[in-house]
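> Need coordinates for the following:
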Amino acid sequence: MPNSLQADHEADERILDAAVTPHDRFGELFEAVALAHLFEDSKTFADSVPKRSPTHIMAAFEAARQAPDFDLRAFVSEYFDDDPLQCTGYEAGPKDDIARHIDQLWPALTRNSRQHPLWSSLLSLSHDYVVPGGRFREFYYWDSYFTMLGLAASGEDELLCSVTDNCADLISRYGHMPNGNRSYYLSRSQLPMFSMMVALLEQSGQRQAIDYLPQLKREYAFWMDGEADLGVGQSHRRCVRLDENSLLNRHWDDRNTPREESYREDYELAQQTDRPSHELYRDLRAGAESGWDFSGRWLGDTRDLKTIRTTAFIPVELNAMLYHLEFLLAKLCEANGEAEDAQGFSDRAERRREAVDRYLWCEDRGAYYDYDWQCGERSIHLTAACVAPLFLQLASPGQAERVANVVSLRLLAPGGVVTTEINDSTQQWDHPNGWPPLQWMAIEGFRHYGFDDLAEDIAGRWLQLVDDLYQREHKLVEKYVLYPGAELAGGGEYPLQDGFGWTNGVTRALLARRQGIKVG
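Alright, predicted model coming up:
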């Protein structure tokens, strides 16, 4: 059995110095505000804008905090402004259909941070970008690919390119695409979809994928950092050596402290367990990098978030996406005359495909499952991530057929593909919720392997679900309960968010498909 803790603490002191986070700047003040419950959402203060220099504010805080009548709320109001990038001011036309509503919503969700506030947590970007909506007022990584599908369908070609160029710029600047363009997101990434963004641009005739070869290589180096020195059963950051020929990836975060956007929630959770807090914080952060924040798939006890073990799992979709990146790098290096590199990436893609078959494919159960490398066994939880190897086309035809059967029998709900079968969890990435990116990956994955009827069935169920809510409330939301008559989706750390970037993108792309317009 692999040594589950070996090398996991190597990165404990790796605090990124590329950007200073709000907690780095304000320390005890930041903690005091978070734990005093001044704001309903911990993210509010992390995104606020200092009115004076951090040095001045901290000196004022030290001088004032000992006074018997010190008012923390008044102090924050005096020295901080709210984040100016609010997602408000748009109302749907009552007679607009969904496609028109989405087309008119893009400008409301478009932002520009070239003139971003001094000392803010926001990272500057050179191009316009689209935010998801609600509490998510910044540029997010894997959200953006699914948003781009809708931009392509809406004919927003300039914005389509801008989103990709922003990713390229951030990779060039920081060595990876962060979770989002906030300083507190720099210690982690998200599901690596830059290669798919680049491919989408080329398919839509906007850019050549080879133009982004340097950034693709750099992102790959980020995900594979430390691989060369790993022995069997060892890990470093995002790499795990499972056997002599099998190297797969997991999620990680270079910090092991409470997430600044959820500082109070993480801190209070850690107070409820004897588990070492740095382990808990790391796994919470890694869960955020996965995009599935949070799901019973990461938990030892599906009813207890304190048992989260994200870094123990080799996830299906992460490794499928890295296969796509390796495959594209091989193709682009060949086109660029880099024959040796092309062969190297081709070999890596093939080794990853073989390792996915060895560790993530379950012949007995007929689907792909996450692999718990610390315990040396596959997860027991079937999740919608099992469609990712079809979406990225590394499954065999036989494997694809078996996944289609399993999804049809176990994950297909009236409104689309359900996220997991876990129904005793309070987490948002579990049953009965359905999420737009998972619908798209399932639909496209089944189309790739000729299961057109199943793909069309899922698309029809999803569009009907989204339209039903739109007809009632004239909005699109982040996630949906996939059963008729149910209340709005819940679970997780925050209320249901309106907007919503990737719902708009996937829905608009599917509607375009029905008009005979190819997207993606």
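
> how about residue 242, phi and psi?
phi -90, psi -40 (degrees, to the nearest 10).

> next one: the one 4 residues further on
Dihedral pair for residue 246: phi -120, psi 110, per degrees, to the nearest 10.

> Show me what it bridges to in the sheet.
Bridge pairing for residue 246 (DSSP bridges) gives the partners residue 243.

> Am I right that residue 334 falls within a helix?
Yes - per DSSP: H, G, I helix; E, B strand; the rest coil, residue 334 lies within a helix segment.

> Lowest-scoring secondary structure element of this protein by mean pLDDT?
strand 110-111 (a mean of 92; mean pLDDT, DSSP states H and E).

> Relative to that one, what are the paired strands and their orientations?
As defined by DSSP bridges, the strand partners of strand 110-111 come to strand 129-130 (antiparallel).

> and the partner strand, how far from the chain's centre?
16 Å (CA atoms, centre = their mean, to the nearest Å).

> CA-only coordinates of the helix or strand following that strand in CSV, if you can.
Next in sequence after strand 129-130, counting helices and strands by DSSP states H and E, comes helix 141-153. Extracted C-alpha coordinates of helix 141-153, given in CSV (Å, rounded to 0.1, in the frame of the first residue of the first chain):
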residue,chain,number,x,y,z
TYR,A,141,-10.8,29.0,-15.0
TRP,A,142,-13.0,26.0,-15.8
ASP,A,143,-16.1,28.0,-15.8
SER,A,144,-14.7,30.1,-18.7
TYR,A,145,-14.5,27.2,-21.2
PHE,A,146,-18.2,26.4,-20.8
THR,A,147,-19.0,30.1,-21.0
MET,A,148,-17.0,30.3,-24.2
LEU,A,149,-19.3,27.7,-25.8
GLY,A,150,-22.1,30.2,-25.4
LEU,A,151,-20.0,33.1,-26.6
ALA,A,152,-19.2,31.2,-29.8
ALA,A,153,-22.9,30.4,-30.3
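
> in stretch 344-361, what's buried?
345-346, 348-349, 351-353, 355-357, 359-361 (16 or more other CB atoms under 10 Å). In short, each C-beta sits where N, CA and C put it, glycine included.

> Filter those residues down to just the ones in helices.
345, 346, 348, 349, 351, 352, 353, 355, 356, 357, 359 (DSSP state H).

> just the helices in the stretch 351-500 of the chain please.
388-391, 397-406, 436-448, 452-473 (DSSP state H, counting those that start in this stretch).

> Mind checking the pLDDT average for the longest one?
Read that as helix 452-473. The average of the pLDDT scores along helix 452-473 is 96.

> Likewise for the third one?
Per-residue pLDDT values across helix 436-448 average out to 98.

> Same list (the ones in helices among the buried residues of stretch 344-361) but as TSV, adding distance to residue 517 and pLDDT.
As requested, these are exported to TSV (distance: CB to CB, whole Å; pLDDT from 0 to 100):
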residue	distance to residue 517	pLDDT
345	33	98
346	33	98
348	35	98
349	31	98
351	38	98
352	33	98
353	32	98
355	37	98
356	33	98
357	35	98
359	39	98
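
> okay if I get those residues as CSV plus distance to residue 201?
As requested, these are exported to CSV (distance: CB to CB, whole Å):
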residue, distance to residue 201
345, 20
346, 23
348, 24
349, 21
351, 28
352, 24
353, 25
355, 29
356, 27
357, 31
359, 33
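
> From those, pick the one nearest residue 471.
Ranked by distance to residue 471 (CB to CB), these are led by residue 356 at 41.6 Å.

> host element of the closest residue to the closest one other than its chain neighbours?
Nearest residue to residue 356 in three dimensions, chain neighbours excluded: residue 319, at 5.6 Å (CB to CB, 6 or more residues apart in numbering). Assigned by DSSP H and E, residue 319 falls within helix 316-335.

> Name the residues of that helix that come out as buried.
In helix 316-335, residues buried by neighbour count (16+ other CB under 10 Å) are 316-333.

> now stretch 465-483
465, 466, 469, 470, 475, 476, 477, 478, 479, 480, 481, 482.

> Make sure the second one is actually in contact with residue 98.
Yes - at 6.9 Å, residue 466 and residue 98 qualify as touching, with contact defined as CB atoms under 8 Å.

> Which residues are in contact with each of the two?
Counting by CB atoms under 8 Å, 6 or more residues apart in numbering, the shared contacts of residue 466 and residue 98 are 476, 507.

> Might you list the low-confidence residue ranges for this structure?
For the chain, the stretches flagged by pLDDT under 70 are 1-18, 85-92, 113-115.

> contacting residues for residue 210?
332, 335, 336.

> got TSV for those, with distance to residue 514 too?
Listed next are those as TSV, based on distance: CB to CB, whole Å:
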residue	distance to residue 514
332	33
335	34
336	38
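
> Closest to residue 370 out of those residues?
Among those, and counting by CB to CB, the member closest to residue 370 is residue 332, at 29.6 Å.

> Quick check: the gap between the closest one and residue 199.
Distance from residue 332 to residue 199, counting by CB to CB, to the nearest Å: 10 Å.

> Which neighbours do those two have in common?
If you check residue 332 and residue 199 against CB under 8 Å, 6+ apart, the residues they both contact are residue 209.

> What's the local residue count around the spatially closest residue to residue 249 that is not a sequence neighbour?
Nearest residue to residue 249, sequence neighbours excluded (CB to CB, 6+ apart): residue 238, at 5.1 Å. Residues lying near residue 238 (other CB atoms under 10 Å) number 26.

> Start the count at 823 instead of 1 going forward.
In the new count, where the first residue is 823, that last one comes out as residue 1060.

> you'd agree residue 1060 is up against residue 1076?
No - between residue 1060 and residue 1076 there is no contact under CB under 8 Å: 10.1 Å.

> so how many other residues sit close to the residue lying closest to residue 956 once chain neighbours are set aside?
Spatial nearest neighbour of residue 956, chain neighbours left out: residue 1319 (3.1 Å); criterion: CB to CB, 6+ apart. If you count neighbours by other CB under 10 Å, residue 1319 ends up with 17.

> Can you name the residues that contact residue 1319?
954, 955, 956, 957, 958, 1299, 1300.

> OK, contacts around the third one?
This points to residue 956. Contacts of residue 956 by CB under 8 Å, 6+ apart are 909, 1300, 1319, 1320, 1321, 1322.

> Just want the most central residue of the chain.
For the chain, the residue nearest the mean C-alpha position is residue 1113 (3.1 Å; CA atoms, centre = their mean).

> Quick check: that residue touching residue 1011?
No - the criterion here is CB under 8 Å, and residue 1113 misses it with residue 1011 at 10.1 Å.

> Can you give the domain ranges for the chain?
905-1045, 1082-1132, 1216-1342 (automatic domain parsing).

> For residue 1130, which non-adjacent residue is closest in space?
residue 1105 (4.5 Å).

> tell me how far the host helix or strand of that neighbour is from the chain's mean position?
Using DSSP H and E, the element containing residue 1105 is helix 1099-1112. Relative to the chain's own centre, helix 1099-1112 is displaced by 14 Å; criterion: CA atoms, centre = their mean.

> so what does it touch, helix or strand wise?
Judged by 3 or more CB pairs under 8 Å, 6 or more residues apart in numbering; DSSP states H and E, helix 1099-1112 is in contact with helix 1085-1092.

> For the helix it packs on, buried residues please.
Those would be 1085, 1086, 1087, 1088, 1089, 1091, 1092, for helix 1085-1092 by 16+ other CB under 10 Å.

> Excluding chain neighbours, give the residue nearest to the last one in space.
Going back to what we said before, that points to residue 1092. Ranked by CB to CB, 6+ apart and with sequence neighbours excluded, the top spatial neighbour of residue 1092 is residue 1099, at 4.3 Å.

> what do you get for the fifth one?
On the basis of CB to CB, 6+ apart, the spatially nearest residue to residue 1089 that is not a chain neighbour turns out to be residue 1080, at 5.0 Å.

> wait, residue 1023 sits on residue 984?
No - taking contacts as CB under 8 Å, residue 1023 lies outside contact range of residue 984: 10.8 Å.

> Ramachandran coordinates for the residue nearest to residue 934 when sequence neighbours are not counted?
When the adjacent residues along the chain are set aside, residue 934 lies closest to residue 950, with 5.2 Å between them (CB to CB, 6+ apart). Dihedral angles of residue 950 (phi, psi; degrees, to the nearest 10) stand at phi -60, psi 160.
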